[in-house]
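J.: A predicted structure for the sequence below; I have some questions about it.
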Amino acid sequence: MKPDDKSFKHRELFASGVNALRGYGIAGDFYRCPICCSDFDERAIFKGAQDAYCLTLEHAPPESIGGKVVALTCKKCNNDLGSRLDSQVAAREQFFRFVDPNRPDPKPFPGTLTLPQDPEVKTNIRISGKLGSGINLSAGKRHNHPENLSEARNSLEGISLSGGRFHGSLGLPAYDEKCADLGFLKSAFLCLFAKFGYTFALSAVGRFVSNAFLDEENFEVVKLKPFPGYKNNILVSEVSGVCFVGFGEFLVVCPWLNASIEKFSEACKAPDSFLGQYKLIPFDLPFGLEAILDNSLRK
Ligand SMILES: [Zn+2]
């Protein structure tokens, strides 16, 4: 039978996962979703695979903020965590882009406008541009009562006539900080999986991390500001049993393979005190599981 699969990347990742699982004595040609640990055979990468039995490309960080493909996960995990966590990562990034002059411009996004003469009425608007360097507000017919719309439009016209000043308040889309942080933890987990394979994903610490974003355990995501030159890398501190996965703006703290959960929790209280004792492992891989490194990793 000739597999009618989706793409080269699906095939590559599937094959490397199957190979890696064989190293664990798992018979048959299965790929295991690193997040929920369900097993899939190659039908899961065929075109037209049913949603309940389908493997999808996962990006880390999420694709919406420019992440790259690092792993296959099942469609259920991808969809569920995408709508709960990745969407909040994207919403937070959008907010930062709106307020931070050092970031790229945000895409136009929805918001609300409240005018002082009518503080009870919120007009739905589109916001484009960036705070501090000129923003553009427009109110459309959709989602607005015609009466509010004309008042809002009059006020917006007034802004352009009077040199850009306006009195009123803008409502920006809200995001959930905890979910956005868990989204980054998920990205850290996927990068560790891409780099260290099932050695990480199936280990006690790997399951501990994936449970944190699957079951919303009371897991405090710890993140540090990265220092220059250490973006997009994994820093492992074997002494403390923690590793730091860097994504541009954050270093996300994860337990390292040989750590006990207690040791990790202890290390999380003062993570930066371990930054002096790490080894640097670049994770800028093309994509895919690097290896089944059980023995070499645990030496
Ligand atoms: Zn899954």
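T.: Structure's in. What do you need? Here the structure is a predicted model, which is why all the values come from computation and not from measurement.

J.: Look up phi and psi at Pro106.
T.: When read as degrees, to the nearest 10, the backbone of Pro106 gives phi -80, psi 160.

J.: Tell me how far it lies from Leu113.
T.: Distance from Pro106 to Leu113, counting by C-beta to C-beta, to the nearest Å: 17 Å. Glycine gets a C-beta too; all of them are placed from N, C-alpha and C.

J.: Name the residue in the two with the higher neighbour count.
T.: Leu113 (23 against 19; other C-beta atoms under 10 Å).

J.: List the contacts of that one.
T.: By C-beta atoms under 8 Å, 6 or more residues apart in numbering, the residues touching Leu113 are 122-123, 125, 137, 139, 152, 155-156, 168-171.

J.: Can you lay out those residues as TSV showing secondary structure?
T.: Converted to TSV, those look like this (DSSP: H, G, I helix; E, B strand; the rest coil):
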residue	secondary structure
Lys122	strand
Thr123	strand
Ile125	strand
Leu137	strand
Ala139	strand
Ala152	helix
Ser155	helix
Leu156	helix
Gly168	coil
Ser169	strand
Leu170	strand
Gly171	strand
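
J.: Include pLDDT, neighbour count and distance to Cys191 when you put the residues you listed into JSON lines, please.
T.: Listed next are the contacts of Leu113 as JSON lines, based on pLDDT from 0 to 100; neighbours: other C-beta atoms under 10 Å; distance: C-beta to C-beta, whole Å:
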{"residue": "Lys122", "pLDDT": "87", "neighbour count": "17", "distance to Cys191": "40"}
{"residue": "Thr123", "pLDDT": "87", "neighbour count": "25", "distance to Cys191": "42"}
{"residue": "Ile125", "pLDDT": "89", "neighbour count": "22", "distance to Cys191": "37"}
{"residue": "Leu137", "pLDDT": "84", "neighbour count": "20", "distance to Cys191": "38"}
{"residue": "Ala139", "pLDDT": "82", "neighbour count": "21", "distance to Cys191": "42"}
{"residue": "Ala152", "pLDDT": "76", "neighbour count": "25", "distance to Cys191": "45"}
{"residue": "Ser155", "pLDDT": "73", "neighbour count": "20", "distance to Cys191": "47"}
{"residue": "Leu156", "pLDDT": "73", "neighbour count": "19", "distance to Cys191": "44"}
{"residue": "Gly168", "pLDDT": "80", "neighbour count": "17", "distance to Cys191": "43"}
{"residue": "Ser169", "pLDDT": "84", "neighbour count": "12", "distance to Cys191": "39"}
{"residue": "Leu170", "pLDDT": "86", "neighbour count": "15", "distance to Cys191": "36"}
{"residue": "Gly171", "pLDDT": "88", "neighbour count": "15", "distance to Cys191": "35"}
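
J.: which of these lies closest to the ion?
T.: Gly171 (35.7 Å; C-beta to the ion).

J.: residues touching the residue in the stretch 101-250 of the chain positioned nearest to the ion, list them.
T.: Residue nearest to the ion within the stretch 101-250 of the chain: Leu214 (8.8 Å; C-beta to the ion). Leu214 sits next to 35-36, 77, 81 when contact means C-beta under 8 Å, 6+ apart.

J.: and the two most separated of the residues you listed?
T.: Cys36 and Leu81 (9.8 Å; C-beta to C-beta).

J.: The two: which is more packed in?
T.: When neighbours are counted by other C-beta under 10 Å, Cys36 and Leu81 differ, and Leu81 comes out ahead with 23 against 14.

J.: element containing that one, please.
T.: helix 75-81 (DSSP states H and E).

J.: After that helix, which helix or strand is next?
T.: helix 87-99.

J.: Can you pull out the residues in contact with that following helix?
T.: Identification of contacts with helix 87-99 by C-beta under 8 Å, 6+ apart yields 61-62, 64-65, 103-107, 109, 127, 130-132, 172-177, 179-180, 183-184, 187, 249.

J.: Ignoring the adjacent residues along the chain, who's closest to Ala152?
T.: Sequence neighbours aside, Thr123 is the residue nearest to Ala152 in space, at 3.9 Å (criterion: C-beta to C-beta, 6 or more residues apart in numbering).

J.: who are the neighbours in contact with the one you found?
T.: Taking C-beta under 8 Å, 6+ apart, one finds 112-115, 139, 144, 148-149, 151-152 in contact with Thr123.

J.: From Ser169, how far off is it?
T.: 11 Å.

J.: who touches both of these two?
T.: Common neighbours of Thr123 and Ser169 (C-beta under 8 Å, 6+ apart) are 113-114.

J.: Run a quick neighbour tally on Gly28.
T.: 9.
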